[in-house]
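**Student:** next input, structure requested:
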Amino acid sequence: MAASIAYVGGHLQYGVNFCMGQSYKQAIWGPSVTFNGCLQRELSWSCGVSKFLQTRKCNLFQSRTNENWKSFGTVITSAYLRDGSTKHFDFAVIGSGVAGLRYALEVAKHGSVAIITKAEPHESNTNYAQGGVSAVLCPSDSVESHMQDTIVAGAYLCDEETVKVVCTEGPDRIRELIAMGASFDHGDDGNLHLAREGGHSHHRIVHAADMTGREIERALLEAVVNDPNISVFKHHFAIDLLTSQDGSDTVCHGIDALNTETQEVVRFISKVTLLASGGAGHIYPSTTNPLVATGDGMAMAHRAQAVISNMEFVQFHPTALADEGLPIKPKKTRENSFLITEAVRGDGGILYNLSMERFMPLYDERAELAPRDVVARSIDDQLKKRNEKYVLLDISHKPREKILSHFPNIANECLQHGLDITQQPIPVVPAAHYMCGGVRAGLQGETNVHGLYVAGEVACTGLHGANRLASNSLLEALVFARRAVQPSINHMKSSSLDLSASSLWTRPLVPKSLGSDVMLKILRITKEVRKELQSIMWKYVGIVRSTSRLQEAEQKISKLEAKWETYLFEHGWQQTMVALEACEMRNLFCCAKLVVSSALARHESRGLHYMTDFPHLEESKRLPTVIFPSSHTTGTWSSRQLHQQPIVKSMV
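**Tutor:** Numbers count the residues shown, from 1 in each chain. The predicted structure is shown next:
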């Protein structure tokens, strides 16, 4: 992380320079006095963020004709160019979860769209979301109540204007999904069945059994299939954003991606780019996130000079399935933890330790319905005090038919391992689940990088504050994907595509020249390093933290990264070389360092960030943590773009 300056609001904490394993603190004030001053005056992101992140018009490229999409699930190869494959689109969307798909469907009405997705299109955090989408759809509920629940869960660090926007616009976004064919559960009265989850004061969770994300993903993908203006590029790993400098401004012109099936680098030149690449759960050894969640978007954005915020707030889901507590153990270690939805507790599930003692009332008067950070810390405390590996979540006291109708996916998964949830408690343990921080966004998904928008988990909009309220994630993704549409269209119409622009950036290289033996060694070492990084993060940057342990993590991560990079470059690796595992590793390092430096900057305990040496919430520190853009001239491989940034004037 090169010269990243970590702030809490407008107050300087310290800067952290990482240079090949060495770190030192540097006191520098931020580049924007107006932005800084705004944060000191009030929490509202719209005060300074929208000004600071305002997207300006960049007339850099010439127009092009549309490329029609042939068939869903097939990467278009006929248009690949001999210069290393360059494609031109009006809009490039990185990620195929709810945010990326919803945005793509809207902007496709105004131009050509490339959806660039790392694996299969359905493989996203959206697809694993069980609980549902929160929205005010019941007459007895209110936007004000939803806002209050969100702000309380977020430990009063939420931006109130953002919260109001999301809670107000949420119901319409749900209705749009239904109109597009998404099928949600209905009650006997014919109305939508609304569930209740921890932290919510009302029943307001729209769901499709315990597979809500999968149903939303299905409906959106089906619509994408039928849109001739959208091209889907599956198994394309986004490497780096293509940016240029216009004085102090950074402008985004698309991305480089690696086709992981053909090992070919494809360059996407676009007028507008949306980052909707999800979170970074795999910086930890146990996470509910799919394998694709390696923080690629956050790391790319950081390298491209985007502002990053609130990375210390990592949400650990209290209840992931604890495999070692199952009667029949899985035959092989899971790639990601199986989630036991919040809705199980919302439906009356009770938490017990292994002595069958109910413990949540000892920690919080809301018991099992307390916000996730409270429940996760409570479970963590029980496990440490009792030296046990998991706790038990029991829903078996509810009617069998109700359990099976509400949680069929969970029931089936457990039954495969010899556990009947209608008769027995479920073994559960906390696991990394959601990043409340990310790329700082204004109210229209805009970033400080012109032409770059963000939506979904990769973004930090101010909605979640210090802790995300259950089922607010899909809601936020839907609302901000929609809000980013009009400014994106405006930016697209004021820009043009230059077909010769792609030659201005150094092209990444696939390391075929190194030979298969060297690549196998690099792959083996990278896998070991990945596990070691995850172990450090869980041990030192987990649910409960301290300054000394965070500092130790900082040092260990820095040394590990230096050791790994030294190994790579001693074996012939070059700065511009790319391979899936190596690029994921650099992104994991980048995100881990962002989390640690942000955590060190917050000298209080708030929401998901609990510090044993700062155990109390401090009103004076009720401000976002911000990491401003940093120099590209120093730092490790993970914190530098692979290419030199061209100057805008050379592109005109």
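
**Student:** what sits against Ala135?
**Tutor:** His146, Gly170, Pro171, Arg173, Ile174, Arg204, Val206, Leu475 (Cβ atoms under 8 Å, 6 or more residues apart in numbering). To be clear about C-beta, it is placed using only N, CA and C from the backbone, and glycine gets the same treatment.

**Student:** can you pull the phi and psi angles for it?
**Tutor:** Listed backbone geometry of Ala135 is phi -160, psi 150, with angles given as degrees, to the nearest 10.

**Student:** what's the neighbour count on the nearest residue to it once chain neighbours are set aside?
**Tutor:** Spatially, and ignoring its direct neighbours in sequence, Ala135 is nearest to Gly170 (4.1 Å; Cβ to Cβ, 6 or more residues apart in numbering). Counted with other Cβ atoms under 10 Å, the burial measure for Gly170 works out to 25 neighbours.

**Student:** Gly170 against Ser134, yeah?
**Tutor:** Yes. Between Gly170 and Ser134 there is a contact at 7.2 Å, judged by Cβ atoms under 8 Å.

**Student:** can you check which residues contact both of these two?
**Tutor:** Common neighbours of Gly170 and Ser134 (criterion: Cβ under 8 Å, 6+ apart): His146, Leu475.

**Student:** quick check: mean pLDDT of the helix or strand the residue nearest to Ala135 falls within?
**Tutor:** Assessed by DSSP states H and E, Gly170 sits inside helix 160-179. Along helix 160-179, the predicted local confidence has a mean pLDDT of 97.

**Student:** may I have that helix as CSV, with CA atoms only?
**Tutor:** The C-alpha trace of helix 160-179 is given here as CSV (Å, rounded to 0.1, in the frame of the first residue of the first chain):
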residue,chain,number,x,y,z
GLU,A,160,-28.5,9.8,7.3
GLU,A,161,-29.2,11.1,3.8
THR,A,162,-28.0,7.8,2.2
VAL,A,163,-30.1,5.8,4.6
LYS,A,164,-33.2,7.9,3.8
VAL,A,165,-32.6,7.5,0.0
VAL,A,166,-32.2,3.7,0.3
CYS,A,167,-35.1,3.1,2.6
THR,A,168,-37.4,5.4,0.6
GLU,A,169,-36.5,4.0,-2.9
GLY,A,170,-36.3,0.3,-1.8
PRO,A,171,-39.9,-0.7,-2.2
ASP,A,172,-39.9,0.5,-5.8
ARG,A,173,-36.8,-1.6,-6.5
ILE,A,174,-38.6,-4.7,-5.2
ARG,A,175,-41.6,-4.0,-7.3
GLU,A,176,-39.3,-3.7,-10.4
LEU,A,177,-37.9,-7.1,-9.6
ILE,A,178,-41.3,-8.7,-9.3
ALA,A,179,-42.3,-7.1,-12.6
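
**Student:** show me what the next helix or strand after it is packed up against.
**Tutor:** Moving toward the C-terminus from helix 160-179, the first helix or strand encountered (DSSP H and E) is strand 194-195. Using 3 or more Cβ pairs under 8 Å, 6 or more residues apart in numbering; DSSP states H and E as the contact test, the elements touching strand 194-195 are strand 205-206.

**Student:** from the chain's centre, how far out does the strand it packs on sit?
**Tutor:** The offset between the C-alpha centroid of strand 205-206 and the centroid of the whole chain comes to 22 Å, using Cα atoms, centre = their mean, to the nearest Å.

**Student:** same thing with stretch 606-617?
**Tutor:** Relative to the chain's own centre, stretch 606-617 is displaced by 23 Å; criterion: Cα atoms, centre = their mean.

**Student:** first to last residue in it, what's the distance?
**Tutor:** Across its full length, stretch 606-617 reaches 6 Å between end residues, using Cα to Cα, to the nearest Å.

**Student:** and the gap between Gly542 and Phe614?
**Tutor:** Counting by Cβ to Cβ, to the nearest Å, the gap between Gly542 and Phe614 amounts to 16 Å.

**Student:** quick one: neighbours of Asp613, just the number.
**Tutor:** So Asp613, with other Cβ under 10 Å, has 12 neighbours.

**Student:** give me phi/psi at the nearest residue to Thr168 once chain neighbours are set aside?
**Tutor:** Nearest in space to Thr168, with sequence neighbours left out and distances taken as Cβ to Cβ, 6+ apart, is Val143 at 5.4 Å. Backbone torsions for Val143, taken as degrees, to the nearest 10, come to phi -60, psi -40.

**Student:** quick check: Val143 touching Val136?
**Tutor:** Yes. A contact is recorded between Val143 and Val136 when judged using Cβ under 8 Å, the distance being 5.4 Å.

**Student:** need the overlap of contacts for these two.
**Tutor:** When Cβ under 8 Å, 6+ apart defines a contact, the residues bordering Val143 and Val136 alike are Cys167.

**Student:** list the contacts of the residue most central in space within the chain.
**Tutor:** Within the chain, one residue has its C-alpha closest to the average C-alpha position: by Cα atoms, centre = their mean, that is Gly279, at 2.2 Å. Gly279 is in contact with Asn125, Asn289, Ala293, Gly295, Tyr434, Met435, Gly438, Glu457, Val458, counting by Cβ under 8 Å, 6+ apart.

**Student:** re the thing from before, buried set for the helix holding Gly170?
**Tutor:** Using 16 or more other Cβ atoms under 10 Å as the test for burial, helix 160-179 gives 160-163, 165-167, 169-171, 173-174, 177.

**Student:** export those residues as CSV, with columns for distance to Ser270.
**Tutor:** Listed next are those as CSV, based on distance: Cβ to Cβ, whole Å:
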residue, distance to Ser270
Glu160, 34
Glu161, 30
Thr162, 27
Val163, 31
Val165, 27
Val166, 27
Cys167, 32
Glu169, 26
Gly170, 29
Pro171, 32
Arg173, 25
Ile174, 30
Leu177, 26
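
**Student:** between the residues you listed, which sits nearest Gln245?
**Tutor:** The nearest member of the buried residues of helix 160-179 to Gln245, counting by Cβ to Cβ, is Thr162 at 29.6 Å.

**Student:** do a quick rundown of the helices in the stretch 301-450 of the chain.
**Tutor:** Listed in chain order, the helices found in the stretch 301-450 of the chain under DSSP state H, counting those that start in this stretch are 343-346, 360-363, 372-386, 400-406, 408-416.

**Student:** nearest to Ala299, out of the ones you listed?
**Tutor:** Ranking the helices of the stretch 301-450 of the chain by their distance to Ala299 (criterion: Cβ to Cβ) puts helix 372-386 first, at 24.9 Å.

**Student:** against which helices or strands is the helix or strand containing Lys539 packed?
**Tutor:** Secondary structure assigned from DSSP H and E places Lys539 in helix 516-540. Taking 3+ Cβ pairs under 8 Å, 6+ apart as the contact definition, the neighbouring helices and strands of helix 516-540 are helix 547-570, helix 580-601.

**Student:** please identify the most buried of those helices.
**Tutor:** Of all the helices and strands packed on helix 516-540, helix 580-601 carries the top mean neighbour count, a mean of 26, counting by mean count of other Cβ atoms under 10 Å.

**Student:** orientation of it relative to helix 516-540 in degrees?
**Tutor:** Using axes from the mean of the first three to the mean of the last three Cα atoms, to 10 degrees, the interaxial angle of helix 580-601 with respect to helix 516-540 works out to 20 degrees.

**Student:** just checking, what packs against helix 580-601?
**Tutor:** Packed against helix 580-601, as judged by 3+ Cβ pairs under 8 Å, 6+ apart, are the following elements: strand 4-8, strand 11-19, strand 236-246, helix 296-303, helix 516-540, helix 547-570, strand 625-628.

**Student:** give me the angle between it and helix 547-570.
**Tutor:** Here the directions of helix 580-601 and helix 547-570 differ by 150 degrees (the same axes, to 10 degrees).

**Student:** for helix 580-601, give the mean pLDDT please.
**Tutor:** Mean predicted lDDT for helix 580-601 stands at 97.
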